[in-house]
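Colleague: need a 3D model of the following:
(chains A and B)
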Amino acid sequence: MAQPADDSRSFRKLYTLVLAALALEIAVLWVITRVYT
Amino acid sequence: MSPLDWLVLLATLAAIVAYGTLRDRVSTMDGYLRAGADLRYWTIGLSIMATQASAITFLSVPGQAYQDGMGFVQFYFGLPIAMVILAAFIVPIYQRLKLYTAYEYLETRFDRKTRQLVAALFLLQRGLSIGLSIYAPAIVLSSVLGWRVVTTNLALGAVTIVYTVVGGSRAVARTQTLQMTVILCGMAAALGYAIFLLPTDVSFGHAVSLAGTLGKLEIVDPSPRLDTRYTLWSGLLGGFFVALAYFGTDQSQVQRYLAGGPLTESRLGLLMHGFVKIPMQLFVLFVGVMVFVFYQLNPPPVFFNRAELDRVRAVAPQQVAQLESEQAQIFAEKRLAITQLMAAESLHDQAALVGARAEVRADEHKLTELRARTRRMIARVRPGVDTKDADYIFVRFVLDHFPHGLIGLLVAVILCAAMSSSAAALSALGTTTVIDFYRLSVRPGRSDAHYLLAARVFTAFWGAFAVSFAGFAALLDNLIQAVNILGSLFYGPTLGVFLLGFFSRRVGGTAAFAATLAGQAIVLMVFGFSSISFLWYNVIGCVAVIALSQLVERVRPSAAA
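Modeller: Prediction:
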């Protein structure tokens, strides 16, 4: 597997941010679902 | 549509096409096929979004939320994960090899026959689906606006073909940034106006609560059922495979981010998409939920495809009148129950709230039954016609209740979406035909100018093919489903062979080629002989190719492995 040439710390932070946003979105939508079921 | 609507529509479309085609002159193959590889990340991000968002998205998704609630958003749960994988591991490989098409990578890693097999699968799948993505909005707009289907097809196709052939990938990306801006502004205006249309005694909070009472806010379904189309798990796993296949191996998307020169711009464009896709989809679905709430407070038609209902009325006027009278009665009862529900909510009266909720749900159930009876009656009176009207809900709502000017903008949104996704597909089809077949096997070793001309000719050819195919699309039962299933039939095996390339050192060209063919056959058999939801085809096809390649490699090891 090729290693990215510029896989800097800032990009790793961005990846974490995107995945954290996904987890937060699912959690919020799950709560909305529970409230209205 | 009024003259003001026409003015808004034509001015918007003309400005976009002029901006895309006249700003730059393209004179090299690199400029034409990869936009010169110097686009910034926001152009790439918007271009990726616009390529994925077809007109079907804006016609169907609000209708889907109206009927089934917002659960469809789960389909996109795997997308951000796929964007991270692509940005971290796959884009650097493509950028390092300075590719025009994703399929070139397969020759670098395996052999030419594997490259051309997968490129041919792309041409087949994308060539067929582009016809459908032009036809689907054309049929809906023709029906509600009284335009002729053939004329709409030709006009939509001709405009898209002209700017794609003239400006290539650069014009596609430039027009897409404007198209996406128009789309987002149009949908925001639609949501704002739908909220504005709420009666003065109904607050936004009441509207959301009513949608929740009627099950439209049941968004996350954690059940492990394989035959339920959208669940948390099919979204995370199936959606991840679809997104990885679509964004990582479909040339219409790969071409978008290969247009970013430095690696950073391509990666940021993909991550931007991963960040905003779910909120954007929730936003479009929420527009549908607000349309649903509107029709809880105002009488809906018994059938949203008015042109078809008028034809049925001409044949069976009494039956239609009977259904409309029944609906009016149930609606009046439900409207009263909704008023009681809101009063109970305001007074925090729990006992009254429970009773009013049960009443509203019971009345809604009666209306759903009545809609089903209407569809059965239409099928009896006019056998063979499409009795599904979900795709007409949003556009009917806009035409019946929005002010002039805003109607023109919303029709422009649908046309912009149709043009942006079709243009990206045309450009990708032309590029793949030239790079993976024409330059490789038909006329190798010619000049840059020769291939630039060939790319223009093939892009025009695929445009003409798409418009012609759109003429035959009426023969298919359900267009939206056809587009979704068509993609899923081919993505799994394609993703499988790419993942083999990226992550396996053992497998050689012959094993990859044989496993791709066999994996494709397995997916077609699953489609033909099982009731498994189409999202799982992607997982099945991908796993089948990876497993079979290991088997073939063991039985007949390749020299390269």
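
Colleague: ramachandran angles for the residue of chain A found nearest chain B?
Modeller: Among the residues of chain A, residue A:36 lies closest to chain B, at 3.3 Å counting by Cβ to the nearest Cβ. All C-beta atoms are positioned from the backbone trio N, CA, C, and that covers glycine. Backbone dihedrals for residue A:36, given as degrees, to the nearest 10, come out at phi -100, psi 10.

Colleague: ok, residue B:304 next?
Modeller: Here residue B:304 shows phi and psi, under degrees, to the nearest 10, equal to phi -80, psi -20.

Colleague: close enough to count as contact, it and residue B:394?
Modeller: No. Applying Cβ atoms under 8 Å, one finds residue B:304 not in contact with residue B:394, separated by 9.0 Å.

Colleague: the two: which is more packed in?
Modeller: When residue B:304 and residue B:394 are compared on other Cβ atoms under 10 Å in any protein chain shown, the one with more neighbours turns out to be residue B:394, at 28 against 24.

Colleague: which helix or strand contains that one?
Modeller: Here residue B:394 sits within helix B:390-401, counting by DSSP states H and E.

Colleague: helices or strands next to that helix in the packing?
Modeller: If you count contacts as 3 or more Cβ pairs under 8 Å, 6 or more residues apart in numbering or on different chains; DSSP states H and E, helix B:390-401 packs onto helix B:55-68, helix B:112-145, helix B:263-297, helix B:406-432.

Colleague: pLDDT value on the residue of chain A closest to chain B, please?
Modeller: Residue-level confidence at residue A:36 comes out at 81, pLDDT.

Colleague: tell me the pLDDT at the nearest residue to it once chain neighbours are set aside?
Modeller: Once flanking residues are discounted, residue A:36 sits nearest to residue B:212: 3.3 Å by Cβ to Cβ, 6 or more residues apart in numbering or on different chains. For residue B:212, the model assigns a pLDDT of 90.

Colleague: next up, the contacts around the residue nearest in space to the middle of chain A.
Modeller: Among the residues of chain A, residue A:19 comes closest to the average C-alpha position under Cα atoms, centre = their mean, at 1.3 Å. Shown here is residue A:19, whose contacts under the criterion Cβ atoms under 8 Å, 6 or more residues apart in numbering or on different chains are B:80, B:81, B:84.

Colleague: from memory the first one sits against residue A:21, does it?
Modeller: Read that as residue B:80. Yes. Using Cβ under 8 Å as the test, residue B:80 is close enough to residue A:21 to be in contact (7.1 Å).

Colleague: most surrounded residue in the contacts of residue A:19?
Modeller: By neighbour count, taken as other Cβ under 10 Å, the most surrounded of the contacts of residue A:19 turns out to be residue B:80 (28 neighbours).

Colleague: remind me which residues of the chain are low pLDDT?
Modeller: No chain specified, so I'll use chain A. Within chain A, the stretches falling below the threshold (pLDDT under 70) are A:1-7.

Colleague: oops, I was thinking of chain B
Modeller: Applying pLDDT under 70 to chain B picks out residues B:24, B:35-37, B:260-261, B:471-484, B:558-561.

Colleague: from it, which residue is nearest to chain A?
Modeller: Closest contact between chain B and chain A, by Cβ to the nearest Cβ, is at residue B:212 (3.3 Å).

Colleague: tell me which helix or strand the residue nearest to residue A:36 sits in.
Modeller: helix B:204-213.

Colleague: following element in sequence after that helix, please.
Modeller: Following helix B:204-213 in sequence order, the next helix or strand is helix B:232-233 (DSSP H and E).

Colleague: what's in contact with that next one?
Modeller: By Cβ under 8 Å, 6+ apart, the surrounding residues in contact with helix B:232-233 are A:26, B:74, B:77, B:220, B:221, B:222, B:224.

Colleague: dump these into TSV; add neighbour count and distance to residue B:440 as well.
Modeller: What follows is the contacts of helix B:232-233, written out as TSV (neighbours: other Cβ atoms under 10 Å in any protein chain shown; distance: Cβ to Cβ, whole Å):
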residue	neighbour count	distance to residue B:440
A:26	19	44
B:74	27	41
B:77	26	38
B:220	23	47
B:221	19	46
B:222	10	48
B:224	10	45
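
Colleague: CSV for these, including distance to residue B:206?
Modeller: CSV is the format used below for those (distance: Cβ to Cβ, whole Å):
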residue, distance to residue B:206
A:26, 27
B:74, 27
B:77, 30
B:220, 24
B:221, 26
B:222, 29
B:224, 35
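
Colleague: what's the closest of these to residue B:497?
Modeller: Distance to residue B:497, by Cβ to Cβ, is smallest for residue B:77 among the contacts of helix B:232-233, at 25.0 Å.

Colleague: find the nearest non-adjacent residue to that closest one, please.
Modeller: Here the nearest residue to residue B:77 in space, its sequence neighbours aside, is residue B:235; by Cβ to Cβ, 6+ apart that works out to 3.8 Å.

Colleague: hmm, that neighbour is touching residue B:75, no?
Modeller: Yes. Counting by Cβ under 8 Å, a contact exists between residue B:235 and residue B:75, whose distance comes to 5.5 Å.

Colleague: these two - which one has more neighbours?
Modeller: For residue B:235 against residue B:75, the residue with the higher neighbour count under other Cβ under 10 Å is residue B:235, and the figures read 25 against 20.

Colleague: which residues does the more buried one contact?
Modeller: For residue B:235, the residues meeting the contact criterion (Cβ under 8 Å, 6+ apart) are B:74, B:75, B:76, B:77, B:78.

Colleague: let me have those residues in JSON lines, extended by distance to residue B:62.
Modeller: Compiled in JSON lines, the contacts of residue B:235 are given as follows (distance: Cβ to Cβ, whole Å):
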{"residue": "B:74", "distance to residue B:62": "17"}
{"residue": "B:75", "distance to residue B:62": "15"}
{"residue": "B:76", "distance to residue B:62": "16"}
{"residue": "B:77", "distance to residue B:62": "20"}
{"residue": "B:78", "distance to residue B:62": "23"}
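
Colleague: just the closest of the residues you listed to residue B:56, please.
Modeller: Of all those, residue B:75 has the smallest distance to residue B:56: 13.5 Å, by Cβ to Cβ.

Colleague: picking up where we left off before, what do residue B:304 and residue B:394 both touch?
Modeller: Counting by Cβ under 8 Å, 6+ apart, the residues touching both residue B:304 and residue B:394 are residue B:63.

Colleague: find the nearest non-adjacent residue to residue B:411, please.
Modeller: Nearest-residue entry for residue B:411: residue B:9, 5.4 Å, with adjacent residues in sequence omitted and distances by Cβ to Cβ, 6+ apart.

Colleague: let me redo that: residue B:221
Modeller: Nearest to residue B:221 is residue B:231, by Cβ to Cβ, 6+ apart, at 4.6 Å.

Colleague: show me what contacts the one you found?
Modeller: Contact analysis of residue B:231 by Cβ under 8 Å, 6+ apart lists B:74, B:221, B:222, B:223, B:224, B:225.

Colleague: can you tell me which residues contact the last one?
Modeller: Taking Cβ under 8 Å, 6+ apart as the criterion, residue B:225 is in contact with residue B:231.

Colleague: now do the fifth one
Modeller: When contacts are counted by Cβ under 8 Å, 6+ apart, residue B:224 is found next to B:231, B:233.

Colleague: same check on the second one?
Modeller: By Cβ under 8 Å, 6+ apart, the contact list for residue B:221 reads A:33, B:71, B:74, B:228, B:230, B:231, B:232.

Colleague: just the buried residues of these.
Modeller: For the contacts of residue B:221, burial is judged from neighbour counts taken by 16 or more other Cβ atoms under 10 Å in any protein chain shown, and it is met by A:33, B:71, B:74, B:230, B:231, B:232.

Colleague: make JSON lines out of these and add distance to residue B:535.
Modeller: Shown next, in JSON lines, are the buried ones among the contacts of residue B:221 (distance: Cβ to Cβ, whole Å):
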{"residue": "A:33", "distance to residue B:535": "20"}
{"residue": "B:71", "distance to residue B:535": "13"}
{"residue": "B:74", "distance to residue B:535": "10"}
{"residue": "B:230", "distance to residue B:535": "8"}
{"residue": "B:231", "distance to residue B:535": "9"}
{"residue": "B:232", "distance to residue B:535": "12"}
